[in-house]
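1. Fold the stuff below for me.
(3 chains)
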Amino acid sequence: MGTERLSSSQDDDEVRKGPWTMEEDLMLMNYIANHGEGVWNSLAKAAGLKRTGKSCRLRWLNYLRPDVRRGNITPEEQLLIMELHSKWGNRWSKIARHLPGRTDNEIKNYWRTRIQKHIKQQEEVERVRDQMISIGNCSETNDDCAISPCSQVSSFCNVAEPMEISHDYFPSSQGDMEAMAYQHTTWDRGDGANDNYWSMEDLWSMQLLD
DNA sequence: AACCAGTGCAACCGCCGTCAG
DNA sequence: TCTGACGGCGGTTGCACTGGT
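-> Numbers count the residues shown, from 1 in each chain, chains lettered A, B, ... in the order given. Down below sits the predicted model:
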């Protein structure tokens, strides 16, 4: 992903890929505001976008839709995600339906980046614990065993709490929560390709003016 | 100030199910 | 029944950002 492959003047027939520009966002929003959602491939053409229907759909559903919620996943939402994931596994779209305003992509990313990390840490804890238990018979007077297994394990435990749906697992304090929350509450974004910075509020106000 | 590693997320890819012709 | 177009979904990638050194 990522490379702005095409300039607008050349390769007019080619499909654009990579980050969406503000102009493209506006075109898509304008079109949907006036005509509604429809067959995405023809929508993309009719809107004058050199994007695939899939790309337009994804952009609309995950980013441009007015009811998309961004920013902090609340503790309630975290618990819900955990519960639903334990029930349904990686059925992200199904899970997302129970979290109004959240997209499957957002939940999926959240799971992979935050929760799965903790699972890995927990597995590492267990692995180390098993190792320590298996070599735990060696004398602690031995230089190699100068640090007790328990103290080594506990250093891991400080960063990885048990994975049960427990509040220990989640950031416990408001400070932790805020630290964890991605700094997108205003969710301005920068597009490195053209240095445009815009927020959804900007886009929607522009769209309304249009 | 420069570099590097880790993190988070937007967007793409490929597969599968559905449906109309 | 077959086939192609399309939408939906989960997995993956790659880039921007951030914090540490």
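2. separation between A:K87 and DNA strand B?
-> Counting by C-beta to the nearest atom of the strand, to the nearest Å, the separation of A:K87 from DNA strand B is 20 Å. For the C-beta atoms, the positions are set from N, CA and C on the backbone; glycine is no exception.
3. same check, this time on A:V39
-> Using C-beta to the nearest atom of the strand, we find A:V39 at a distance of 11 Å from DNA strand B.
4. so that residue touches A:K54, yeah?
-> No - distance between A:V39 and A:K54: 11.8 Å, which falls outside the contact criterion (C-beta atoms under 8 Å).
5. Surely A:I107 touches A:H98?
-> No - between A:I107 and A:H98 there is no contact under C-beta under 8 Å: 9.8 Å.
6. more neighbours, the two?
-> A side-by-side neighbour count of A:I107 and A:H98, using other C-beta atoms under 10 Å, places A:I107 first with 23 against 14.
7. Now do the helix or strand encompassing the more buried one: everything it contacts.
-> In this assignment (DSSP states H and E), A:I107 forms part of helix A:104-110. The contact list for helix A:104-110 (C-beta atoms under 8 Å, 6 or more residues apart in numbering) reads A:L58, A:N62, A:I73, A:I81, A:N90, A:W92, A:S93, A:I95, A:A96, A:L99.
8. Weed out the non-buried ones from the residues you listed.
-> Under a neighbour-count criterion of 16 or more other C-beta atoms under 10 Å, the subset of the contacts of helix A:104-110 counted as buried comprises A:L58, A:I73, A:I81, A:W92, A:I95, A:A96, A:L99.
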